[in-house]
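S.K.: can you look at this prediction? I've put the sequence above it.
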Amino acid sequence: MQSIILQANGGGMGQLVVLVLVVIIFYFFMIRPQMKKQKEAKKFQEEVKKGDKVVTIGGIIGKIAEVHDNYYMLEVEGGNRLRVLKTAISMENSVSLNSAETPKA
């Protein structure tokens, strides 16, 4: 009878260890990389300067004409200007646009 009680108590501890390991694995493979990606995107959005070619999240391509505190003035084809929030600049698309335009030697 006593061995059954000890086995039941030990099994709960094993389940707790497995649960903690799952949480740790989830953190390192899901949460941490996402946080790193968000930090890089925010840094990119803050470092954009006048004259840079960018792509917005909505797919609008243009050149930065003015830099303000919360937004950029984006010059698009035809000389039109759009006011775009800094958070609306897509890092992935902007980087791929600029790397596609640079000729490879």
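M.R.: Thanks, I have it.

S.K.: how close does Y71 get to K43?
M.R.: Applying C-beta to C-beta, to the nearest Å, the value for Y71 to K43 is 18 Å. C-beta coordinates here come from the backbone N, C-alpha and C atoms, glycine included.

S.K.: do I89 as well
M.R.: 12 Å.

S.K.: go on, K86?
M.R.: Distance, K86 to K43, by C-beta to C-beta: 12 Å.

S.K.: same check on V55?
M.R.: Going from V55 to K43 by C-beta to C-beta gives 17 Å.

S.K.: and these two? Which one has more around it.
M.R.: V55 (20 against 10; other C-beta atoms under 10 Å).

S.K.: Three-state assignment for the more buried one, please.
M.R.: Here V55 is recorded as strand under DSSP: H, G, I helix; E, B strand; the rest coil.

S.K.: hmm, it is touching I61, no?
M.R.: Yes. Applying C-beta atoms under 8 Å, one finds V55 in contact with I61, separated by 5.3 Å.

S.K.: quickly list what's touching both of these two.
M.R.: Applying C-beta atoms under 8 Å, 6 or more residues apart in numbering, one finds that V55 and I61 are jointly contacted by L97.

S.K.: how is the chain divided into domains?
M.R.: Using automatic domain parsing, the domain ranges for the chain come out as 1-47, 48-105.
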